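Engineer: for reference, the sequence and a predicted model appear below.
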Amino acid sequence: MKNFLKSFIGDSKNAFFMSWIILSGIIFLIILSSFFAPPKVFDCVVPKCEWQLKYNKKCVFCGMTRGFLAISKGQLLKAVEFNKLSIPLYLGFIANDAVLIFYLFFKKIKITKIKGVK
């Protein structure tokens, strides 16, 4: 039973770490794309808010995409107008990616192979 528990905890840590790497990579690409892609691209890719379509009210994330685009262009006041939480979330994403880069490059943590996958 103890071996199973140790194995389960070790596998869970590896799964969490790999998930964090993948999600952080996606977040990094989203932030990077906000610097280079024209805003019209996001109109086609990002769906309309379901909450606003159903209930005709803004949700917590309404305006977040436009806020991120404004932050990427240096327009912080406009970002706050779009969504008050866009700047803290953007900074949180940047901090998350900075921590990931620190771990991967400066701490040189080796990503272990998942058991059973070659």
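Structural biologist: On my side now, so go ahead. Numbering: from 1, shown residues only.

Engineer: from the centroid of the chain, which residue is nearest?
Structural biologist: residue 27 (3.3 Å; Cα atoms, centre = their mean).

Engineer: shouldn't it be in contact with residue 93?
Structural biologist: Yes - applying Cβ atoms under 8 Å as the test, residue 27 and residue 93 come out as touching, 5.0 Å apart. In short, each C-beta sits where N, CA and C put it, glycine included.

Engineer: so where does the residue nearest to the centre of the chain fall, helix or strand?
Structural biologist: Per DSSP states H and E, residue 27 falls inside helix 2-36.

Engineer: buried ones in the worst-scoring helix or strand of the chain on mean pLDDT?
Structural biologist: The helix or strand of the chain with the lowest confidence, counting by mean pLDDT, DSSP states H and E, is helix 39-45 at a mean of 80. Neighbour counts over helix 39-45 (16 or more other Cβ atoms under 10 Å) mark residue 42 as buried.

Engineer: next secondary structure after that helix?
Structural biologist: helix 50-55.

Engineer: then the helix or strand following that following helix to CSV, C-alphas only?
Structural biologist: Of the helices and strands lying after helix 50-55 in sequence (DSSP H and E), the nearest is helix 64-72. Provided in CSV are the C-alpha atoms of helix 64-72 (Å, rounded to 0.1, in the frame of the first residue of the first chain):
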residue,chain,number,x,y,z
MET,A,64,-10.7,40.8,-21.2
THR,A,65,-9.5,40.1,-24.8
ARG,A,66,-9.7,43.8,-25.7
GLY,A,67,-8.0,44.6,-22.4
PHE,A,68,-5.1,42.3,-23.1
LEU,A,69,-4.7,43.8,-26.6
ALA,A,70,-4.7,47.3,-25.1
ILE,A,71,-2.1,46.3,-22.5
SER,A,72,0.1,44.9,-25.3
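
Engineer: so what does helix 64-72 touch, helix or strand wise?
Structural biologist: For helix 64-72, the elements it packs on are helix 2-36, helix 39-45, helix 76-82, helix 86-101, judged by 3 or more Cβ pairs under 8 Å, 6 or more residues apart in numbering; DSSP states H and E.
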